[in-house]
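# 3D model of this:
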Amino acid sequence: MKLNFLAAGRLRMKKSIYVAGADREETIDLPVSSALIRHKQGNVLFDTGCHPSVVADAEGRWGPLAKVMKPMMRTDETLLPNLACTGLGPDDIDIVVNSHFHPDHCGCNQFFRKATILVHAKEIEAAKEPGADTAGYLKADWDYGAAIEPVNGERDLFGDASLVLLPLPGHTPGTMGALVSLDRDGQFLLASDAVSLRRNLDADAVPRNTWNVEQQLNTFAEVRRIEKSGATVICGHDDAQWQGLRKGGDGYE
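Next up is the predicted model:
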């Protein structure tokens, strides 16, 4: 089995969302990523990043949300060109797992027409709530007519413990992570926004864009337990970590 990290966008946001005490005008640039897992039973994408149209017209796609998170990438820094670096195209993807339904995590779902879309059942419920767009759920990205398969609880995707989906709620009601177990390079916990920045986990510091603080703190404890067992925690938007990862066609096995 192979694991490749793929660039899927880049955003500029207020640093104070993630770092308590930061100046309200200070900003932070955050990588947006996707992970490709190639298993003998199928090709899986964990998250699909930002829709490429936001490079030129973020407000047209995201509306008022574009004032909160500003795209800072070129078109070639979105998912599809980076997936191509691995030799695969959209129709080669069998399963798309969304950690949650915010637009920087499911923005390219619609390009994977042959894939089964998996997301936690509680995330589907949250995205369907009245006024969900004000909580960052944009129908253009997740509700475009494709069938969505709900996940309830923990799920061993291929039945061999190599890729296990884990509920990690707090950031949103249905945030999920994925525990990937590789023969050579060991375990990786794809934490997504369950751990946006490493400093949040280390300091038990819950970001301001958290849905439920108590559940988020419980998730931090669970992530630390998994890390103590030997897994490398891959944060959702940590630029320092991102710079040190192998990316594109240079992956892990």
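# packing partners of the longest helix anywhere in the chain?
The longest helix of the chain (DSSP state H) is helix 213-228. Helix 213-228 sits against strand 186-192, helix 198-203, strand 232-235, with contacts defined as 3 or more Cβ pairs under 8 Å, 6 or more residues apart in numbering; DSSP states H and E. Quick note: C-beta positions are derived from backbone N, CA and C, even for glycine.
# try it again with 7 Å
With contacts defined as 3 or more Cβ pairs under 7 Å, 6 or more residues apart in numbering; DSSP states H and E, helix 213-228 has these neighbours: strand 186-192.
# buried set for the strand it packs on?
Neighbour counts over strand 186-192 (16 or more other Cβ atoms under 10 Å) mark 187, 188, 189, 190, 191, 192 as buried.
# next, the angle from it to helix 213-228.
160 degrees (axes from the mean of the first three to the mean of the last three Cα atoms, to 10 degrees).
# how far is strand 186-192 from where the chain is centred?
Distance, stretch centre to chain centre, for strand 186-192: 11 Å (Cα atoms, centre = their mean, to the nearest Å).
# if you average pLDDT over that strand, what comes out?
The average pLDDT within strand 186-192 is 98.
# show me what that strand is packed against.
Looks like strand 186-192 contacts strand 176-182, helix 213-228, strand 232-235 (3+ Cβ pairs under 7 Å, 6+ apart).
# how about the ones you listed, which one is nearest residue 22?
Proximity to residue 22 (Cβ to Cβ) singles out strand 232-235 among those, at 17.6 Å.
# which SSE is residue 28 in?
For residue 28, the enclosing helix or strand under DSSP states H and E is strand 27-39.
# quick one: contacts of that strand?
1-15, 18, 43-50, 72, 79, 83, 86, 104, 158, 162-163, 180, 190, 237, 239, 242 (Cβ atoms under 7 Å, 6 or more residues apart in numbering).
# repeat that with 6 Å
1-6, 8-12, 15, 44-50, 72, 79, 104, 158, 163, 180, 190, 237, 239, 242 (Cβ atoms under 6 Å, 6 or more residues apart in numbering).
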